[in-house]
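S.K.: Mind folding the following:
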Amino acid sequence: MKAGTVSKSRGSGHGGPGFEDGESSEDIRCKCICPPYKDVLGQIYNQNVSLKDCNCLHVVEPMPVEGKDVEAYCLRCECKYEERSSGTIKVTIIIYLSILGLLLLYMVYLTLLEPVLKRRLFGHSQLIQSDDDVGDQQPFANAHDVLSRSRSRSNMLNKVEHAQQRWKRQVQEQRKSVFDRHVVLS
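M.R.: Residues are numbered from 1 along each chain as shown. Purely as a prediction, here's the structure:
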């Protein structure tokens, strides 16, 4: 008796005992695609057989035609031996999921701990200039006023975020200026 089962659907056949060479029944199969013949509909047959038995006569069960039509029917069928390594597939999936999990943990770490780290680092800062001080020729002239206004952590964070936004606007203006010059030179 042949190992495996026949599946007339588009799915693969599963089940049956393994082969003598140690490969599992899911790792190898023979797939025969048989087009319509006379009054028989086209079908796909899957069976777990060895490479030497991968032909219509060993895979197509039950044979839909009888007698002299068997040879004509089998000549129209295209049989392919397929082999895969389920171990390699499992290892690849484990590596992929591990990387995905690490990236997810990193995202959670950054999302939850970034505000805490930002408060700790910028909460003990000695001097943060306000918008009014940026254009000032003597940046440390108003140091006492700046320190007194930035005592609270929320105020300090607001100033840091405001400075960051101002920096982003400056970068955008510089990009625009560079692209405008590039267009003029072109």
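
S.K.: pLDDT on the longest helix that the chain contains, on average?
M.R.: Looking across the chain with DSSP state H, the single longest helix is helix 86-123. For helix 86-123, mean pLDDT is 87.

S.K.: Okay, buried residues for that helix please.
M.R.: residue 122 (16 or more other CB atoms under 10 Å). Glycine gets a C-beta too; all of them are placed from N, C-alpha and C.

S.K.: Could you list every helix and strand in contact with it?
M.R.: Here helix 86-123 touches helix 153-185, going by 3 or more CB pairs under 8 Å, 6 or more residues apart in numbering; DSSP states H and E.

S.K.: Tell me the helices and strands packed up against the helix it packs on.
M.R.: helix 86-123, helix 131-134.

S.K.: please redo it, this time with the cut-off set to 6 Å
M.R.: helix 86-123 (3 or more CB pairs under 6 Å, 6 or more residues apart in numbering; DSSP states H and E).

S.K.: any idea of the angle the helix it packs on forms with helix 153-185?
M.R.: 110 degrees (axes from the mean of the first three to the mean of the last three CA atoms, to 10 degrees).

S.K.: ok, residue 29 - contacts?
M.R.: Applying CB atoms under 6 Å, 6 or more residues apart in numbering, we find residue 29 in contact with 46, 48, 82.

S.K.: Next, check those residues against the helices and list the overlap.
M.R.: Using DSSP H, none of the contacts of residue 29 sit in helices.

S.K.: quick one: which of these is nearest to residue 34?
M.R.: residue 46 (11.8 Å; CB to CB).

S.K.: Thank you kindly, that will do.
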